[in-house]
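Student: coordinates only, sequence not included:
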């Protein structure tokens, strides 16, 4: 209660501090106020494609460079890991000042390499991603009376055997009048590494505006050479430009230049500033999405509840019947024991590879804790799309901090397995600190070499690799060792029964026990496969995923189902006198990872049909394997810890002679 009261006090303080500015905004979501005539600078992000999943720098293609030169914007760790490369662009507007026929530049004649590269990027359906006031450019297309939303616009299009580039952009900037007169005139955003001054003095009554929308219509326009003579950047073309997105005319040819122009139109909108991300967060088929998730949750909860009720009634009836007998009858019953009671002398026998099991359980606690805390913060809005890379950065931060929990759980489990002997706890803590991160670094390094070879901006720079290794060994490993030290000092969990010196022979089974363990993963998979589709779509189809509230509910249900499935499987194995339950309880719930990986392959074949090239497929499978390993560790840990609690409770409830 004391800690909760402190938390409430901190929340109250944050709200009070925010109210001093007469408005509460979540981190990374403060509005900019622009005066009429203020410059708005457009930024560019990496070129992306759902065809290859390989991002490239905007300036890798022959586009116009800004007058002041190309400069990187401030990027956080999460943006770099996601492959974002945000840079300045030559596109600039003046607030509430419409402009047409603005000349940007004329490139040099395209060399053979540039011509070939442009054709490749058009064939691979690469999109140009622009950003204004932290809002990505959005493009609307109409198909069969439906309006489709896309972020960015294509580099070009191929018509028959000719390639056309979109060299004229028609921008529409939606603005909303700034209503708070007593808020500071300039406020930072999650994107804002710049401070933009406003027109007029602090006390002036000049209206201010906020950017609430950024739309783009790409066109392919052929300019006559005479109209471009003696024009400099931002000059107005002498002839009007007709932007028709349904027709193309600017065909690219080797040894010929490409001219770029744009126009901008400012429209006052009723959209409030807090709602400006709604256009990006809307998901197609939202009603079907919510209904499917709710239906899945209800069905799985109902089935799991029935299994749990039957299971508890069976155990309680068995224990109650045993407790009602007198001592003589109990002694006679002990001689006629059957099922799980026969393995009383072996049920707590140390498993094979105990050090590996302890490390995997510790890593699972760390991953699960990181996932829960991150999703909770995201559901509260602290990791919104307005702050790019915050989600990945938060995950890394929480993962490193929770190294204490990983070390504590793994070492305490190690001491419990060996009845309080703390010998070798340092090695177990090191395994917990290095096992999953080591596998992750191995996978990411292999994938990074593929990205380096493709000259993609998705490749992690060498300097960032060094930073990640330093974070691992200078923060995560020491915290894990500290947690291991605390686990070594904590009292171990005492077994309720003694273990025989000679292990009991396990009777021959009618069916392989591991077959049942692998099949157990279908029930946990049923709780998340619908949500998994939307997560995969956001990762590989360029859509924004922001229903973290439902994701939190699905995760809670997944934890409950994993625990129940593992309990049932453990009890079934003990009933057939199979006392080797340790690893089986881990993989009973952890086997859901197998079905997720199979689903990933199915998604690759049937949903990502356009994914081309062995490099793209290898990257997809590599990242899927990384995700699957993390899920296996987390769900397996839930199953093991719940089974350990159940076995300990079961055998401590009955006295054996």
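Tutor: Alright, I've got the coordinates. Remember, predicted model here, so these are calculated numbers, not experimental data.
Student: now do the strands in the stretch 151-300 of the chain.
Tutor: Counting by DSSP state E, counting those that start in this stretch, the segments of the stretch 151-300 of the chain that form strands are 153-154, 156-159, 162-165, 168-177, 208-219, 259-268.
Student: and of those strands, who's closest to residue 298?
Tutor: Smallest distance to residue 298 across these (C-beta to C-beta): 37.8 Å, for strand 208-219. Yep, even glycine has a C-beta here, placed from its N, CA and C like the rest.
Student: which of the residues in that closest one are buried?
Tutor: 208, 209, 210, 211, 212, 213, 214, 215, 216, 217, 218, 219 (16 or more other C-beta atoms under 10 Å).
Student: what does stretch 436-444 give?
Tutor: 436, 437, 439, 441, 444.
Student: and if you look at stretch 138-147?
Tutor: 138, 139.
Student: burial count for the nearest residue to residue 535 once chain neighbours are set aside?
Tutor: Leaving aside its sequence neighbours, residue 535 sits nearest to residue 545 (C-beta to C-beta, 6 or more residues apart in numbering; 6.1 Å). Number of residues near residue 545 (other C-beta atoms under 10 Å) recorded here: 18.
Student: just say helix, strand or coil for residue 545.
Tutor: Secondary structure assignment for residue 545 (DSSP: H, G, I helix; E, B strand; the rest coil): coil.
Student: and it, what pLDDT?
Tutor: Residue 545 is assigned 74 on the pLDDT scale.
Student: just residue 542 next, same as before
Tutor: Note for residue 542: predicted pLDDT of 73.
Student: burial measure for residue 576, as a count.
Tutor: Using other C-beta under 10 Å: residue 576 sits among 15 other residues.
Student: and residue 170, what is it in contact with?
Tutor: Contacts for residue 170 were tallied using C-beta atoms under 8 Å, 6 or more residues apart in numbering; they are 216, 217, 218, 219, 243, 262, 263, 265.
Student: quick check: the residue nearest to it when sequence neighbours are not counted vs residue 391, distance?
Tutor: Among residues not flanking residue 170 along the chain, residue 217 sits closest, at 4.2 Å (C-beta to C-beta, 6+ apart). To residue 391, residue 217 is 31 Å away according to C-beta to C-beta, to the nearest Å.
Student: and if you look at residue 613?
Tutor: Taken as C-beta to C-beta, the span from residue 613 to residue 391 is 28 Å.
Student: over to residue 452?
Tutor: 25 Å.
Student: that older thread, which of the strands of the stretch 151-300 of the chain sits closest to residue 510?
Tutor: strand 153-154 (59.6 Å).
Student: buried residues in stretch 354-363?
Tutor: 354, 355, 357, 358, 359, 360, 361, 362, 363.
Student: tell me which of those residues is nearest to residue 567?
Tutor: Closest to residue 567, out of all of the buried residues of stretch 354-363 and judged by C-beta to C-beta, is residue 361, at 16.4 Å.
Student: part of a helix, is that closest one?
Tutor: Yes: counting by three-state DSSP, residue 361 is found in a helix.
Student: contacts only, for it.
Tutor: 409, 410, 413, 586, 636, 637, 640, 641.
Student: and for residue 573?
Tutor: Applying C-beta under 8 Å, 6+ apart, the residues contacting residue 573 are 513, 579, 580, 581, 584.
Student: let's see that with 7 Å instead.
Tutor: Residues in contact with residue 573, defined by C-beta atoms under 7 Å, 6 or more residues apart in numbering, are 513, 581, 584.
Student: isn't the last one right next to residue 517, touching?
Tutor: Meaning residue 584. Yes: the pair formed by residue 584 and residue 517 meets the contact definition of C-beta atoms under 7 Å, at 5.2 Å.
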